[in-house]
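# Mind folding the following:
(one chain, ligands or ions: 1)
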Amino acid sequence: MKIVLVGFMGSGKSTVGELLSEKLSIPFVDLDSVIVERIGLSIPQIFKKEGEAFFREKEREFLIEELKKRSDFILSTGGGAPAYRDNMEVINSSATSVFLHADFETLYGRISGDRNRPLASLDREKLRELYLKRLPFYRKAHFTVDTSGKSPNEVVNEIISLLNGGRGKSSL
Ligand code: S3P
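A predicted model of the protein is given here:
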């Protein structure tokens, strides 16, 4: 089973992805970590030295590679990946995608001032614009889970239930 988690920065893709991977015994891959390993620089360093356009092209290249590499994985993507070129179509044609939805204020509270996220240093209004601009891309996902007020464990159980056609018990 190939599952791709999408959503804005701070939506819990990595936390939920790791937990889901444990529960389903499917390997977890974090696309940001793949980029950092392959380029040999941290994300803020890549943005600073090479620029965002370079980052987006590498992100797309590694995304396509990761989607082809294994038959089973939980892949968490960076918040900007679904909104670049036709990445969302690429994701949807080779995996089951899940959008982790949260309202902007919740996300802003989690990410503002995070030095590991170059775009989190944008001011509140610019970040809100980015969030609104990206929502239609995230909405293309096969499934949406509203994460508001839910623990990572509850979100994971909901994803499993959705993947099972709403029956709740895992037959994956
Ligand atoms: C980005 C989100 C980050 C990371 C990079 C750019 C974005 O990933 O890919 O900082 O454009 O939203 P997370 O969503 O895991 O924070």
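# And stretch 104-119, what's buried?
For stretch 104-119, a neighbour-count test (16 or more other CB atoms under 10 Å) marks 104, 107, 108, 111, 117, 118, 119 as buried. Glycine gets a C-beta too; all of them are placed from N, C-alpha and C.
# so after the helix ranked longest in the chain, what's the next helix or strand?
Under DSSP state H, the helix in the chain containing the largest number of residues is helix 52-69. Using DSSP states H and E, the next helix or strand after helix 52-69 towards the C-terminus is strand 73-76.
# Return the residues in contact with the residue of the chain found nearest the ligand.
Nearest to the ligand, among the residues of the chain, is residue 78, at 2.2 Å (CB to the nearest ligand atom). Contacts for residue 78 (CB atoms under 8 Å, 6 or more residues apart in numbering) come out as 9, 31, 32, 35, 59.
# Ok, residue 159 next?
Counting by CB under 8 Å, 6+ apart, the residues that residue 159 touches are 3, 16, 20, 98, 143, 145.
# Same check on residue 103?
So residue 103 contacts residue 148 (CB under 8 Å, 6+ apart).
# Give me the subset of the buried residues of stretch 104-119 that also touch the ligand.
117, 118, 119 (CB under 6 Å from any ligand atom).
# out of those residues, who's nearest residue 89?
Residue 89 lies nearest to residue 119 out of those, by CB to CB, at 23.0 Å.
# Noted, bye for now.
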